[in-house]
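Peer 1: make a model of this:
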Amino acid sequence: MAWWKTERMISSDAVLRSKYVSPIFSLKRLAISTVIASAAASGGAIVVKEFIGRFEKPRKKKFLDAMKRWGLDPKGKTIFLMIDVEENVAKSSRNIGIGI
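Peer 2: Below you'll find the model as predicted:
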């Protein structure tokens with residue numbers, strides 16, 4: 001059996017049980033879920049409702065102001081997870097951390 005077709009892949013607690021899944025994809029999925037779980041456990045997760053529709057135009061300053069209101073450091077490491085990504089929000093946030 002090939003090494004990428006194993007029942008259990010690189011997970012001591014059997015998080016990944018899929019057959020025929022690329023190990024790189026599995027590691028990426030495991031890494032993302034670990035980051036989310038650790039942020040939630042440490043109280044570092046913030047849930048923002050109704051964020052879509054707040055940006056008429058892409059403005060980096062407006063996104064930075066929102067981060068400051070939420071108590072987030074623009075120079076620190078932050079991950080944003082969105083179900084529906086609006087184009088203006090994506091454009092407003094893409095250069096955060098560069099040139100601040």
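Peer 1: after the helix or strand bottoming out on mean pLDDT in the chain, which helix or strand is next? Please name it.
Peer 2: The weakest-scoring helix or strand in the chain, judged by mean pLDDT, DSSP states H and E, is helix 23-41 (a mean of 79). With elements assigned by DSSP states H and E, the helix or strand that comes after helix 23-41 is helix 60-69.
Peer 1: and that following helix, what does it pack against?
Peer 2: Contact partners of helix 60-69 among helices and strands, from 3 or more Cβ pairs under 8 Å, 6 or more residues apart in numbering; DSSP states H and E: helix 87-93. Every C-beta, even on glycine, is put in place using the N, C-alpha and C of the backbone.
Peer 1: report the buried residues of the helix it packs on.
Peer 2: Residues 88-89, 92-93 are the ones in helix 87-93 that count as buried (16 or more other Cβ atoms under 10 Å).
Peer 1: ok, so of these, who is nearest M82?
Peer 2: V89 (7.3 Å; Cβ to Cβ).
Peer 1: ok, that closest one - contacts?
Peer 2: 51-52, 54-55, 58, 63, 82 (Cβ atoms under 8 Å, 6 or more residues apart in numbering).
Peer 1: could you list the domains of the protein?
Peer 2: What automatic domain parsing lists as the domains of the chain is 3-41, 46-100.
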